[in-house]
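Novice: no sequence for this one, just the structure:
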């Protein structure tokens, strides 16, 4: 219950300025948030993080991107897939992984995207300078439309934290699931490097590599690969 204040204390000890915090009734957990670049970020909402948090961050102009894609988990909300990083991850500038059972318009566990765009002319009391430009877009279709190649992983691989890997930037990935690594390496779309690490002591406590990380500073990627 005191996580926000604990993290504020830690960041201040590190000399990092805290410019905002999500307040109730908003809830946001880090496994649901992905910075994609200067233009776009993604936020999963459903079982843990909620729409109120997304609206609060837009209203206070804290996302820092031109577009915000809110990825709704409307049909499943399963504890084993509580965050967006349980079923999805970004491997590079134009390649992602996604659990295969959430792919497609007919999937009973599909995710749907509402996309917002920042427009300084807009002064919305709920969304600030953001406005909805489209909604109800199936997630895999949204990814493809934004130039991503999808490497599908099976539900079993997903349940064993195959999606919950960590992108270190510049094409460097660390992962904790050997079969997921093989699927990624087999794809011609992936041009980076992937390192398999032992992480069973953490996955046994229902956490993965991405779950266990906290980015506090980001450097611009080199031209060859995205962060």
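Specialist: Good, I have the coordinates. From a predicted model like this one, the values you see are computed outputs, not experimental measurements. Numbering: from 1, shown residues only.
Novice: quick one: average confidence on the longest strand seen in the chain?
Specialist: Ranked by number of residues, the top strand in the chain under DSSP state E is strand 130-138. Mean per-residue pLDDT for strand 130-138: 98.
Novice: and what of stretch 79-98?
Specialist: pLDDT averaged over stretch 79-98 gives 96.
Novice: end-to-end on that stretch?
Specialist: With C-alpha to C-alpha, to the nearest Å as the measure, stretch 79-98 spans 17 Å from end to end.
Novice: again with stretch 58-78
Specialist: Distance between the two ends of stretch 58-78: 27 Å, counting by C-alpha to C-alpha.
Novice: for that stretch, which positions count as buried?
Specialist: The neighbour-count check on stretch 58-78 (16 or more other C-beta atoms under 10 Å) flags 58, 63, 65, 67, 68, 69, 70, 71, 72, 73, 76 as buried. Yep, even glycine has a C-beta here, placed from its N, CA and C like the rest.
Novice: what about the nearest residue to the last one once chain neighbours are set aside, which helix or strand?
Specialist: The shortest distance from residue 76 to any non-neighbouring residue, by C-beta to C-beta, 6 or more residues apart in numbering, is to residue 109 (4.3 Å). Element membership for residue 109, per DSSP states H and E: none, as it lies in no helix or strand.
Novice: numbering from 29 from now on, please.
Specialist: Sounds good: first residue 29 from here, last item residue 137.
Novice: please report the distance of residue 137 from residue 114.
Specialist: Using C-beta to C-beta, to the nearest Å, residue 137 is found at 12 Å from residue 114.
Novice: listing partners with orientation, what would you give for the longest strand of the chain?
Specialist: strand 140-146 (antiparallel) (DSSP bridges).
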